[in-house]
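Asks: I would like the atomic coordinates for the input below:
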Amino acid sequence: MVLAIVCSIFIIIVSLATSGRMGMVLFPDIESDIATATVSLAPGVSRSVIADTEDSLYESAKAAIAEITEPNVATGVLVRVEGNKVKAKIYLVESTIREISTSDVIALWKRNWKNKPFVEAISFSVNEKGPASDSDLTIELKHTNINELKRAAVWLGERMTGYKALSDINDGVSRGRAEWRFTLNKKGVALGFNAEDISSQIRSAFYGYKVLEQSRGRDDIDVYVRLPESERDSKYEINHFVLRTGDNVEVLLKDVVVISKEKTNNNITRRNGFRVITLTAAAEPKSETINIQQSLEQNVLLEIKRKFPGISYSFEGKQADMLTSIHYLLLGFVFAIGAMYSLLVILFGSFTKPILIFVIVPFSFIGVAFGNYVMGYPLSILSLFGMVALTGIVINDGLVLLKFIENNMQKSKDVASAVSAAAVRRLFPAFLTSITTFVGLLPMILERSMQAKFLIPMAIALGFGALGAFVMTLFVLPVLYAILVDIKKFFGQELLV
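Replies: Here you go, the predicted structure:
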């Protein structure tokens, strides 16, 4: 009866965890005291566009601050330009002395931001740096054909907008910098031109040709000669630019080349011979990421492989880091379990009795899951670290209780009285150990500072797990021992020792 109830609870808890309802993240969402917005502009935009974007970011930040009812929350706003990106920050007072969270400030900021022309992507962050600062969802697409890859990335980005929990979606497709492309025609080839002749003459005229290098004190001064600005600021000047052949014959540029205006790639990323485009998105709440990932795999990503033959995908970023961390954590956990099992086999002189103790370890997850649910934290890698540490507490409690049961069995052959007497005798010491562990970790669990947020999931796993392990050890271990004795009576002592 007891074992059936515990197993039922365990199955329910595991189902909740694996279904994604509890959520699983790499690290807890650590909110700093700085709210950040980053706007990526199209390459080559004018200074007026950049200035307009700066003003819009600043005004939206001030509007967000004005909507905060709590006084003196923000200490200032900073906007700066980094290449083709405009970054703005709202500086907040420490989280311990304000009620509103950085996420709520970001939400107000998003609501006041009005999208502008030439904006390729915008992202908001509650933590610009640190292990939890990467995008919540990162998908990497690969293909040999860059044009097909771009179409697939745009298509996937549009499908991702259908998920309400996703925001700041960036399809990874750069619109590119505008450029003039010159292709030699038959007349140009006949006149003896080549690509180097054309490019060098155009560069010298429009960018400049160095004619003098002069030293002045410690400095070197380069003198360039080029066309005046009035003769290099329009397409007309390009078409009517005069080239000189090797025989000093003058011809118009438009007569010897085909001029086309195209977009160039800002960067080219390859992996294992494939072109790569990376899509990113933020999720709110973060615990929904795993559900969205499963939905994308089962629906959208299957469709993209049918729609764009040759395309392949992989989850990178936090998703890949999580799998790697879990892999190495499991390897270490298996090694530790093997070492502890060997020691317990030597202690009890039995291969089966140590298994009774290790069976309790998975049941301690009930306390861990309950603690995360009560405290409002999703499961994370740090929670798993806490569970690994919790294993030592569980095995220690089980070891002492099992030793008491063994001693009672030597005095009395009645299993029921032996296990009940051992459980009663261990009740107060085990309770005292568990409750002191929980109370000792309670200040860390309730701490609100940013520095403690990395340790809180581990403290929850240890604190609530210790309480759960106390209950599981006192109730489940005696039942398992009684079952083992019945099995031995049925099959014979020598078969299971």
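Asks: how much space between Ser46 and Ile326?
Replies: Taking CB to CB, to the nearest Å as the measure, Ser46 and Ile326 are separated by 48 Å. (C-beta placed from N, C-alpha, C; glycine too.)
Asks: model confidence over stretch 174-190, on average?
Replies: Mean pLDDT, computed over stretch 174-190, is 77.
Asks: buried ones in it?
Replies: By neighbour count with 16 or more other CB atoms under 10 Å, stretch 174-190 contains the buried residues Ser174, Phe182, Leu184, Gly188.
Asks: return the member of those nearest to Tyr58.
Replies: Nearest to Tyr58 among those: Ser174, at 25.6 Å, using CB to CB.
Asks: name the SS class of that closest one, please.
Replies: Applying DSSP: H, G, I helix; E, B strand; the rest coil to Ser174 yields a three-state assignment of coil.
Asks: go ahead and confirm it touches Lys150.
Replies: No. If you go by CB atoms under 8 Å, Ser174 and Lys150 don't touch, sitting 9.2 Å apart.
Asks: how far off centre is stretch 319-335?
Replies: Distance of stretch 319-335 from its chain centroid, counting by CA atoms, centre = their mean, to the nearest Å, is 16 Å.
Asks: okay, it in PDB with CA atoms only?
Replies: Once non-C-alpha atoms are left out, stretch 319-335 reads as follows in PDB (Å, rounded to 0.1, in the frame of the first residue of the first chain):
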ATOM      1  CA  GLN A 319      19.900  23.800 -25.600                       C
ATOM      2  CA  ALA A 320      23.200  22.300 -26.700                       C
ATOM      3  CA  ASP A 321      25.000  23.500 -23.500                       C
ATOM      4  CA  MET A 322      22.200  21.800 -21.400                       C
ATOM      5  CA  LEU A 323      22.600  18.500 -23.200                       C
ATOM      6  CA  THR A 324      26.400  18.600 -22.800                       C
ATOM      7  CA  SER A 325      26.100  19.500 -19.100                       C
ATOM      8  CA  ILE A 326      23.600  16.700 -18.400                       C
ATOM      9  CA  HIS A 327      25.800  14.200 -20.200                       C
ATOM     10  CA  TYR A 328      28.900  14.900 -18.100                       C
ATOM     11  CA  LEU A 329      26.800  15.200 -15.000                       C
ATOM     12  CA  LEU A 330      25.300  11.700 -15.600                       C
ATOM     13  CA  LEU A 331      28.800  10.300 -16.200                       C
ATOM     14  CA  GLY A 332      30.000  11.600 -12.900                       C
ATOM     15  CA  PHE A 333      26.800  10.500 -11.100                       C
ATOM     16  CA  VAL A 334      27.100   7.000 -12.400                       C
ATOM     17  CA  PHE A 335      30.700   6.800 -11.300                       C
END
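Asks: now secondary structure and distance to Val485 too, for the buried residues of stretch 174-190, in CSV please.
Replies: As requested, the buried residues of stretch 174-190 are exported to CSV (DSSP: H, G, I helix; E, B strand; the rest coil; distance: CB to CB, whole Å):
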residue, secondary structure, distance to Val485
Ser174, coil, 70
Phe182, strand, 90
Leu184, strand, 93
Gly188, helix, 97
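Asks: tell me the contacts of Thr278?
Replies: Neighbour list for Thr278: Thr138, Ile139, Glu140, Leu141, Gly172, Thr269, Glu316 [criterion: CB atoms under 8 Å, 6 or more residues apart in numbering].
Asks: so of those residues, which ones are in strands?
Replies: Among these, DSSP state E puts Thr138, Ile139, Glu140, Leu141 in strands.
Asks: got the phi and psi for Gln85?
Replies: For residue 85 the amino acid is Lys, not Gln. phi -120, psi 140 (degrees, to the nearest 10).
Asks: list the beta-bridge partners for it.
Replies: In this entry, Lys85 is beta-bridged to Ser40, Glu82, by DSSP bridges.
Asks: repeat that for Ser123.
Replies: With DSSP bridges as the criterion, Ser123 is bridged to Thr38.
Asks: mind listing what it touches?
Replies: Residues in contact with Ser123, defined by CB under 8 Å, 6+ apart, are Ala37, Thr38, Ser135, Asp168, Asn170, Thr280, Ala282.
Asks: over to Asp247?
Replies: Each residue near Asp247 by CB under 8 Å, 6+ apart is listed here: Gly192.
Asks: state the distance from it to Arg203.
Replies: Look at Asp247 and Arg203: by CB to CB, they are 22 Å apart.
Asks: Tyr209 now?
Replies: From Tyr209 over to Arg203 (counting by CB to CB), the distance is 8 Å.
Asks: just Val479 next, same as before
Replies: Val479 sits 85 Å away from Arg203, going by CB to CB.
Asks: what about the stretch 51-200 of the chain, any weak spots by pLDDT?
Replies: 128-134, 175-178 (pLDDT under 70).
Asks: so for stretch 297-314, mean pLDDT?
Replies: pLDDT averaged over stretch 297-314 equals 84, rounded to a whole number.
Asks: and it, how far apart are its ends?
Replies: Separation of the first and last residues of stretch 297-314 by CA to CA, to the nearest Å is 10 Å.
Asks: buried residues in that stretch?
Replies: Val300, Leu301, Ile304, Phe308, Ile311, Tyr313.
Asks: how about stretch 53-61?
Replies: Thr53, Glu54, Ser56, Leu57, Ser60, Ala61.
Asks: my guess is the first one meets Leu41, correct?
Replies: Spelled out, it's Thr53. Yes. Contact criterion CB under 8 Å: Thr53 and Leu41 qualify, at 6.4 Å.
Asks: okay, and Leu279 sits in which element?
Replies: Assignment of secondary structure by DSSP states H and E places Leu279 within strand 274-283.
Asks: tell me the centre residue of this structure?
Replies: In the chain, the C-alpha closest to the average C-alpha coordinate belongs to Lys318, at a distance of 3.1 Å (CA atoms, centre = their mean).
Asks: where exactly do the strands run in the stretch 151-300 of the chain?
Replies: Here the stretch 151-300 of the chain has its strands, by DSSP state E, counting those that start in this stretch, at 166-170, 177-184, 209-216, 219-225, 242-244, 250-252, 257-264, 270-271, 274-283.
Asks: could you dump those to CSV with distance to Tyr373?
Replies: Converted to CSV, the strands of the stretch 151-300 of the chain look like this (distance: least, CB to CB, whole Å):
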stretch, distance to Tyr373
strand 166-170, 24
strand 177-184, 50
strand 209-216, 70
strand 219-225, 67
strand 242-244, 75
strand 250-252, 76
strand 257-264, 50
strand 270-271, 39
strand 274-283, 19
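Asks: rank those by pLDDT, which is bottom?
Replies: Confidence, taken as mean pLDDT, is least for strand 270-271 of these (a mean of 70).
Asks: quick one: what helix or strand has Trp109 in it?
Replies: Using DSSP H and E, Trp109 maps to helix 102-112.
Asks: give the buried residues for that helix.
Replies: When burial is assessed from 16+ other CB under 10 Å, helix 102-112 yields the following buried residues: Thr102, Val105, Ile106, Ala107, Leu108, Trp109, Asn112.
Asks: now tabulate those residues in JSON lines and tack on distance to Val223.
Replies: Supplementary listing: those in JSON lines, determined by distance: CB to CB, whole Å:
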{"residue": "Thr102", "distance to Val223": "53"}
{"residue": "Val105", "distance to Val223": "52"}
{"residue": "Ile106", "distance to Val223": "51"}
{"residue": "Ala107", "distance to Val223": "55"}
{"residue": "Leu108", "distance to Val223": "54"}
{"residue": "Trp109", "distance to Val223": "49"}
{"residue": "Asn112", "distance to Val223": "50"}
